[in-house]
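> what shape does this take:
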Amino acid sequence: MLNQTLMEEVPCPLCSSRSKRRLFADRDRVQVREGDFRVVECNACRFRFTIPRPARENLADFYPEYYGPYQGFEGNGLALFDPRTSLSVRFKNKLKYSVLTKYYGYAVRRPPHPLNLPGHVPAWVGGMMERLAFSLFKHRNPRVPVCCGRRKALDVGCGNGIYLLFLKR
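Model (predicted):
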């Protein structure tokens, strides 16, 4: 059972109403704690929130040290390209660069290490590889939007902001 001394029941964080209805309940899947957390909807403003919730002073007890949002970024931000210089890594970085600039319209400030392949690669082979890379990238990264100039993005979630940093770059 959840240790109730670590938890608190709260009114609606948006309008302070205490009238709510239960939508569903589920267990903690990160720490695998016993007990359920309920997701409720405020009857006054329809805002949805979780109760019981960890009391502010006990919040750190609910997340392990290895929890992703606790981890810092490398260097001054997101490493868009793998910094290693092996041929396979440079090839993958070149394809990623091509997809982001050609298909998504991103102006990547720091391109990856040059590929410098020996000999000449026919243009049709390069084009085929780019299209294949685009298809794979789109499948693995469905949330990456096509760049549309100076637009704004709202990332709703409880991560560490790395996705927004990626979009900004």
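> who's in contact with the host helix or strand of Ser135?
Using DSSP states H and E, Ser135 sits in helix 123-140. By Cβ atoms under 8 Å, 6 or more residues apart in numbering, the residues outside helix 123-140 that reach it are Leu95, Lys96, Ser98, Val99, Lys102, Tyr103, Val144. Where you see a C-beta, it was placed from the backbone N, CA and C, and this is true even at glycine.
> in it, which residues are buried?
Buried residues in helix 123-140, counted by 16 or more other Cβ atoms under 10 Å: Glu130, Ala133, Phe134, Phe137.
> least confident of those?
Lowest pLDDT among the buried residues of helix 123-140: Phe137, with 83.
> how much space separates that residue from Thr101?
12 Å (Cβ to Cβ, to the nearest Å).
> just send the buried residues of helix 123-140 back as TSV, with distance to Leu164 too.
Formatted as TSV, the buried residues of helix 123-140 follow (distance: Cβ to Cβ, whole Å):
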residue	distance to Leu164
Glu130	27
Ala133	24
Phe134	23
Phe137	19
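> between the residues you listed, which sits nearest Arg29?
Checking these against Arg29 with Cβ to Cβ, the nearest one is Phe137 at 28.7 Å.
> ok, that closest one to Arg90 distance?
From Phe137 over to Arg90 (counting by Cβ to Cβ), the distance is 17 Å.
> let me see the mean pLDDT of the helix or strand harbouring Val40.
Assigned by DSSP H and E, Val40 belongs to strand 36-42. Averaged over strand 36-42, pLDDT sits at 91.
> direction included, what does it pair up with?
Strand 36-42 has its sheet partners listed here by DSSP bridges as strand 20-27 (antiparallel), strand 48-51 (antiparallel).
> out of those, which gets nearest to Glu8?
Among the strands paired with strand 36-42, strand 48-51 comes nearest to Glu8, with 8.3 Å by Cβ to Cβ.
> now that closest one: buried residues?
Under the neighbour-count criterion of 16+ other Cβ under 10 Å, strand 48-51 has Phe49, Ile51 buried.
> hmm, who's touching the helix or strand that it is followed by?
Scanning forward in sequence from strand 48-51 by DSSP H and E, the next helix or strand is strand 53-54. Applying Cβ under 8 Å, 6+ apart, the contact partners of strand 53-54 are Leu6, Met7, Glu8, Val10, Phe37, Asp61, Phe62.
> leaving out chain neighbours, which residue sits closest to the third one?
Leaving out its chain neighbours, the residue that sits closest to Glu8 by Cβ to Cβ, 6 or more residues apart in numbering is Ala55, at 4.6 Å.
> do the same with the second one
Distance criterion Cβ to Cβ, 6+ apart; nearest residue to Met7, sequence neighbours excluded, is Pro52 at 3.8 Å.
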